[in-house]
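1. Got a sequence here, can you model it:
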Amino acid sequence: MPPSGPSFRLETPAGDDRERRVCTTCGFVDYMNPRIVVGSVVVEGELDAERILLCRRAIDPRKGYWTLPAGFMETGETAQAAARREAREEAGCELEVEGLFAIYDLTHVAQVQLMFRTRLLGSAFSAGMESLEVALFRWEDIPWTELAFPSVVWALNQWRAGRERPLGLPFGNPAADDVLAKPPTQHWA
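-> Sure thing, here's the model as predicted:
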């Protein structure tokens with residue numbers, strides 16, 4: 001009978017400080033590292049007349065809720081290239097990337113999220129495969145109770161707080177938000 005594949009057990013490899021999945025046959029260590037997500041606050045218009053592009057999710061998790069164009073970075077692409085690709089895939093639009101403005105550590109879902117401040121190039125946008133619809137919202141019209149994830153709320157609020165300042169040291173997880181300190185009651189990705 002042929003072997004059924006590798007078998008792993010949890011153990012602390014020599015010289016390491018935590019348990020890892022280690023192959024019982026060859027000793028290969030299966031490192032489980034966080035995935036990198038890139039996203040953009042996409043803005044159209046000038047100060048005090050700005051509108052923000054949001055996508056209504058066509059996929060789980062949080063299907064039907066609004067989010068920023070964002071997704072997993074691919075091997076071989078830069079973070080800015082990933083932000084542009086995600087905007088094309090989810091919102092059918094092109095971006096001018098102004099720069100990185102926030103980094104979020106979501107340890108409960110093993111993600112590091114990089115958020116970019118961007119501007120919509122041209123006026124074209126449309127729903128991609130992962131979006132039910134795409135729309136521009138004035139700040140006061142953002143559907144706050146229908147946003148998909150806490151990091152979308154963080155990014156929007158931190159974008160607004162820093163939109164007139166030069167890019168520099170990025171924002172991080174809000175100090176008052178303890179969503180990462182306890183197991184989530186709802187799955188956020």
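2. same question for stretch 102-116, mean pLDDT?
-> When pLDDT is averaged over stretch 102-116, the result is 96.
3. what does stretch 11-26 give?
-> Mean pLDDT, computed over stretch 11-26, is 94.
4. Just the buried positions in it, please.
-> Within stretch 11-26, the residues that count as buried by 16 or more other CB atoms under 10 Å are Val22. From N, CA and C alone the C-beta is placed, and that goes for glycine too.
5. Tell me where this protein has helices.
-> Ranges of helices in the chain, per DSSP state H, are 79-91, 150-162.
6. Out of these, which is the most enclosed?
-> Most buried of the helices of the chain by mean neighbour count (mean count of other CB atoms under 10 Å) is helix 79-91; its value is a mean of 21.
7. Show me what that helix is packed up against.
-> Here helix 79-91 touches strand 35-44, strand 51-57, strand 70-72, strand 94-106, strand 111-121, strand 131-138, going by 3 or more CB pairs under 8 Å, 6 or more residues apart in numbering; DSSP states H and E.
8. From Lys63, how far off is Ala127?
-> Plainly put, Ala127 is 13 Å away from Lys63 if you go by CB to CB, to the nearest Å.
9. Looking only at neighbour counts, state which of these two leads.
-> Shown here are Ala127 and Lys63; by other CB atoms under 10 Å, Ala127 has more neighbours (16 against 12).
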